[in-house]
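>>> need coordinates for the following:
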Amino acid sequence: MSGLGDAARASGTGRIEGYDLARALAIFGMVVVNFRIVMGAGGWPLETQSGPGWLQFLTGLLDGRAAATFVVLAGAGVALGARRAVASGDRSALSAARKTLWKRAAFLFLGGLLFATVWEADILHFYGWYIGIGALLIAFPNRALLGAAALLLLAFPILLMTFAYDAEWNPDTLAYEGFWTPAGQARHLFFNGFHPVVPWLAFLLLGIWLGRQNVLDSAVRRRLFIGGAAVALTAEIVSAALVALLTRGASPEDAEVITALLGSEALPPMPFYMLAGGGTAVAVIMLAVAFAQRFPGALWTRALVAAGQLALTIYVAHVLIGMGGLSAVGRLENQSLPFAAAASAAFYALAVAFAVLWRKRFDRGPLEWIMRKWSG
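All right, here's what the predicted structure looks like:
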C-alpha cells in the first residue's frame, strides 16, 4: 500500500485533480449517451442512428465506457478516502471509514430510487450497492481485489445461463415492470438492470486498486496507461474477430445471440465488454491525470476540475434541467444525432460554467454538500 501513501503525500491534500478532470470527461460522455438515446438518435435499444458516420462512430465510443470510467473513479475515491484507516490497520479507524461509506451508499441508493421515478436509467442506486459492498472490501490486498473483480466477470455469464435476461422488461415500452417489487428490484440490481452489481462491481474494485497506485509518478502512470490500453484493444480485437468468425453464415437469430455473448457492447455486460470498459477507463484516467499535471493552471483544466467536483449535481441536472428543458420546448424526442450531440455539448458547456462560478464561492456542489452533511 506504499503507492497509496506516496500519492497522498504528493498531492498534499490527498485529492488528485486529474481524477476530477477524468470525472468531468466521464460525465460529458454520459450526457451524450443519454441525450442520444432519449432523443431517439441512436444507441441502445435502437439499431440505426440518424447522422454522419463519423459522428456515429465518436458517440458510439462512449456507450458503456463513460459510465464504466465513472464507476472506476468512484472506486479510486473510496481508496483515497479510506487510505489512512487502511494504512493504519486500526480496527476502530476501519470501522469509522466503513460507516462513512455506508452512509454515502445509503444516500446514493435512496436518492437514486427517488431519481428513478423520473429517470429509469438511473445509476445512483446501483452506486449505493457498489460502495456499500466496496466498504466491506477496503482492506483487501490488491491481488484479492483484482481476483474478486475477475470472479464477477465470470459470474455474470453463469447468471445469464441460469436466469432469463429479459425478465421484467417490456419490449414495447422498454420499461422494467417489476422495478418496485422486492423480487424485481433484486433482479434489476444484481443481474439485468442497466448497471447490475454483477458484474459492474468489478469496476469499483478496479478503481479501489487504482486509487492505491501512485498515479502522480509518470513511470507508474505510463505503465497503467499502456496496460489499460492494451487490455481494451485486445478485448475489442478478439471480440470482433470471434463475432465475425462465428456469425459467418449464421442465421440472423443465431448471429444476434453470438454477438450478445461475445461482443463488447454494454448490454449484456459480458466479459469482453468488462475488459474493454475497464481498460479504457484506466487509460483515460491516466491521460486526464497527466493533463492535469502538465497544465495545472490552464483555464480548461481548472474548468473541468470544477465540473468533476460537481459530478453528482451535473448528473442529476442533465435529466431534470437538460432533458426537462428540451421536453418543455418539444425537442426531446425524434431528434437527429447531430442535434442530440449539439444539445449535449450546449448543456455541458453551461454545466461547466455553472461549476466554475459555484466553486468560486462554495467548497462543494449542492448535492455533494447534502451528501457530505448526510454522511458526516
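>>> where in this protein is pLDDT low?
When the per-residue scores of the chain are filtered using pLDDT under 70, the ranges that remain are 1-14, 42-50.
>>> so what's the residue nearest the centre of it up against?
Nearest to the mean C-alpha position of the chain, by C-alpha atoms, centre = their mean, lies A67 at 2.6 Å. Under the criterion of C-beta atoms under 8 Å, 6 or more residues apart in numbering, the neighbours of A67 are A26, G29, M30, V33, I123, H195, A266. C-beta here means a position set from N, CA and C on the backbone, and glycine is covered the same way.
>>> so E265, which state does it fall into?
With DSSP: H, G, I helix; E, B strand; the rest coil as the basis, E265 sits in coil.
>>> correct me, but it touches R65?
No. Proximity of E265 to R65 does not meet the contact threshold set by C-beta atoms under 8 Å, at 10.9 Å.
>>> settle it for me: which of these two has more neighbours?
For the pair E265 and R65, the greater number of neighbours falls to R65 (25 against 17), based on other C-beta atoms under 10 Å.
>>> quick one: residues in contact with stretch 150-166.
Contacts of stretch 150-166 (C-beta under 8 Å, 6+ apart): 187, 191-192, 196, 198-199, 201-202, 205, 261, 268-271, 274-275.
>>> narrow those to those in strands?
In this view, the contacts of stretch 150-166 have no member that belongs to strands under DSSP state E.
>>> most neighbours, which of the residues you listed?
Counting neighbours by other C-beta under 10 Å, the one among the contacts of stretch 150-166 with the most is A202, which has 31 neighbours.
>>> I'd say it and A149 touch.
Yes. Contact between A202 and A149 holds when scored by C-beta under 8 Å: they sit 3.9 Å apart.
>>> common neighbours of these two, please.
Joint contacts of A202 and A149 (C-beta under 8 Å, 6+ apart) are G278.
>>> need the helices for the stretch 151-300 of the chain, in chain order.
Secondary structure of the stretch 151-300 of the chain, counting by DSSP state H, counting those that start in this stretch: helices at 182-187, 197-211, 218-247, 252-262, 271-294, 299-309.
>>> ok, and the closest non-adjacent residue to G132?
With C-beta to C-beta, 6 or more residues apart in numbering as the criterion, G132 has its nearest non-adjacent residue at 3.7 Å, and that residue is A105.
>>> list the residues that contact the closest residue in space to V284 that isn't next to it in sequence.
Excluding its sequence neighbours, the residue lying closest to V284 (C-beta to C-beta, 6+ apart) is T69, at 5.7 Å. The neighbours of T69, taking C-beta under 8 Å, 6+ apart as the test, are A22, L25, A26, G29, G277, T280, A281, V284, I285.
>>> G75 versus the last one, what's the distance?
From I285 over to G75 the distance is 11 Å, taken as C-beta to C-beta, to the nearest Å.
>>> now I285: how far from W169?
Taking C-beta to C-beta as the measure, I285 and W169 are separated by 32 Å.
>>> what number of residues lie near A343?
Number of residues near A343 (other C-beta under 10 Å) recorded here: 23.
>>> from V32, how far off is it?
9 Å.
>>> equivalent analysis for W300, please.
In this structure, W300 lies at 18 Å from V32, with C-beta to C-beta as the measure.
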